[in-house]
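Chemist: Have a look at this prediction, sequence included:
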Amino acid sequence: MKKNVGNPDRIIRAILAIVLAVLYFTGVTEGTLGLVLVIAGGVFLATSFVSFCPIYAILGKSTCAIKK
């Protein structure tokens with residue numbers, strides 16, 4: 001897997017995952033919507049750690065800095 005998620009994108013994904021988890025575990029979001037948001041947060045956190053996003057790969061997009 002070639003990295004296609006840059007550092008700013010990784011930070012945003014990690015922060016978003018934390019916010020979604022806090023919303024769920026504090027009871028702000030409940031039920032099916034809460035579970036969907038927690039799963040989405042888990043995906044954001046996982047893609048943040050591995051620096052690879054399958055959707056970016058399908059679309060041919062990359063937010064990594066270009067090395068010269």
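Modeler: Yes, it's here.

Chemist: how near is the spatially most central residue of the chain to Leu37?
Modeler: Nearest to the mean C-alpha position of the chain, by C-alpha atoms, centre = their mean, lies Phe44 at 1.8 Å. In this view, Phe44 and Leu37 are 10 Å apart by C-beta to C-beta, to the nearest Å. Quick note: C-beta positions are derived from backbone N, CA and C, even for glycine.

Chemist: Next: Gly31.
Modeler: Counting by C-beta to C-beta - Gly31 and Leu37 are separated by 10 Å.

Chemist: Among the two, which residue is more densely surrounded?
Modeler: Neighbours were counted for Gly31 and for Leu37 using other C-beta atoms under 10 Å; Leu37 has more, 18 against 7.

Chemist: Buried ones in the host helix or strand of the more buried one, by neighbour count?
Modeler: Secondary-structure assignment from DSSP states H and E places Leu37 in helix 31-50. The neighbour-count check on helix 31-50 (16 or more other C-beta atoms under 10 Å) flags 34, 37-38, 41, 44-45, 47-48 as buried.

Chemist: ok, residues contacting it?
Modeler: 1, 5, 10-11, 13-14, 16-21, 23-24, 29, 53 (C-beta atoms under 8 Å, 6 or more residues apart in numbering).
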